[in-house]
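Q: generate coordinates for the sequence data below:
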Amino acid sequence: MMALYIDADACPVKAEAEAVTTRYKTQMFLVSNGGLRPSQNPLVEMIYVPDGPDVADMWIADRAGPGDVVVTGDIPLAAKCVEAGAEVLRHNGERFTQANVREQLAMRDLMTDLRAADPFRQGGGKAFSKADRARFRQALDTALRRSKPSD
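A: Numbers count the residues shown, from 1 in each chain. Here you go, the predicted model:
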């Protein structure tokens, strides 16, 4: 059975994901350390994991596999899920694939090292936009359509 797993603690597109998965009648798991408002949607299951480093990531990585879709901004989690055969999307709709996830993991590690070497270096990306939300909805729709088993 196909499922959508969302690394939900910092996910800005939970509502968009719920709308798309409802249309496809797909089970959606929102995985977090808590603090999220439960959904009344019977297709949405809230999974609250204990506090701790990467506990939510491990829960998702242990379950996601071929035919599933994962939404995360966490590159190490994305790498594990891609390796397991899941389709993985960033919050802005960009896909993690076998072809790009290792390069992105290496870039993440490089940027971590650069920030550690210069404590005054201020990181921060661009603001999340309406266009990012729209791109995510389209990418999720495509991923679910591609992952949906034939009837």
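
Q: buried sites along stretch 68-83?
A: Buried positions in stretch 68-83, judged by neighbour count with 16 or more other Cβ atoms under 10 Å: 68-75, 77-82. C-beta: built from backbone N, CA, C; applies to glycine.

Q: cool, stretch 54-62 as well?
A: Quick answer for stretch 54-62 (16+ other Cβ under 10 Å): Ala56, Asp57, Trp59, Ile60, Ala61.

Q: would you state the strands of the chain in chain order?
A: 3-7, 27-32, 44-48, 69-71, 87-89, 95-96 (DSSP state E).

Q: now render these as CSV, adding distance to Leu144.
A: Below are the strands of the chain laid out as CSV (distance: least, Cβ to Cβ, whole Å):
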stretch, distance to Leu144
strand 3-7, 7
strand 27-32, 10
strand 44-48, 14
strand 69-71, 6
strand 87-89, 9
strand 95-96, 13
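
Q: still on that earlier bit, which ones among the buried residues of stretch 68-83 lie within helices?
A: If you go by DSSP state H, these have Ile75, Leu77, Ala78, Ala79, Lys80, Cys81, Val82 in helices.

Q: would you check that the third one makes contact with Phe96?
A: Yes: counting by Cβ atoms under 8 Å, a contact exists between Ala78 and Phe96, whose distance comes to 4.1 Å.
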